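Engineer: Compute the structure for the input listed below.
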Amino acid sequence: MTEQERKIRVLVAKPGLDGHDRGAKVVASAFRDAGFEVIYTGLHQTPEMIVNAAVQEDVDVVALSILSGAHMTLFPRVKELLEEAGAGHVLLTGGGIIPQEDIEELERMGIGKLFGPGTPTSEAVEYIRSWFEEQRAAGSALA
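Structural biologist: Here you go, the predicted structure:
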């Protein structure tokens, strides 16, 4: 398979105690429909479980769905663990019920673009595609 044919690999995860996964499943389906290879970890994942799966599956992107209000803890923890695991090149993005000021703070910490309720899934698809193409053009480890 050539570099041009390689599918973008995305891990969709639901960290913490939040039991609502309808949005995560909708996003995972949209990513599959867009041609991404999607791994969905299911509910109640710890940051450690998410990062272990991301490393084992050799993903390009980790997309967290967080509705519990724990986004200021969970996103930074997953990012920290990705870096510790040598996977700091993986895009960490996601969505949920996240106040704008928290989105801005998380983005300052190096978290990718975050999406709120009602955002068309096409926006997340395009964001990931654009990010992936930029990384490939820059010659990163995504080849």
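Engineer: Measure how buried Leu64 is and give me the count.
Structural biologist: 26 (other C-beta atoms under 10 Å). C-beta: built from backbone N, CA, C; applies to glycine.
Engineer: My error: substitute Val90 in the last question.
Structural biologist: Val90 is surrounded by 26 other residues when neighbours are defined as other C-beta under 10 Å.
Engineer: Equivalent analysis for Glu84, please.
Structural biologist: 10.
Engineer: Ok, Ala63 next?
Structural biologist: With neighbours defined by other C-beta under 10 Å, the count for Ala63 comes to 26.
Engineer: The host helix or strand of it: partners in the sheet, and parallel or antiparallel?
Structural biologist: Using DSSP states H and E, Ala63 falls within strand 61-66. Neighbouring strands of strand 61-66 in its sheet, by DSSP bridges, are strand 9-13 (parallel), strand 91-96 (parallel).
Engineer: Which of the three states applies to the nearest residue to Gly110 once chain neighbours are set aside?
Structural biologist: Counting by C-beta to C-beta, 6 or more residues apart in numbering, the nearest residue to Gly110 once its immediate chain neighbours are dropped is Lys79, at 6.3 Å. Lys79 falls in the helix class when you classify it by DSSP: H, G, I helix; E, B strand; the rest coil.
Engineer: picking that back up, so for Ser65, which of the strands paired with strand 61-66 sits nearest?
Structural biologist: strand 91-96 (5.7 Å; C-beta to C-beta).
Engineer: following the closest one, which helix or strand shows up next?
Structural biologist: Downstream of strand 91-96, the next assigned helix or strand under DSSP H and E is helix 100-108.
Engineer: any idea how far that next one is from the chain center?
Structural biologist: Between the mean C-alpha point of helix 100-108 and the mean C-alpha point of its chain there is a distance of 16 Å (C-alpha atoms, centre = their mean, to the nearest Å).
Engineer: Just the mean pLDDT for that helix, thanks.
Structural biologist: Mean pLDDT, computed over helix 100-108, is 98.
Engineer: quick one: pLDDT of the residue nearest in space to the middle of the chain?
Structural biologist: Closest to where the C-alpha atoms of the chain average out (C-alpha atoms, centre = their mean) is Ala63, at 1.8 Å. Looking at Ala63, its pLDDT is 98.
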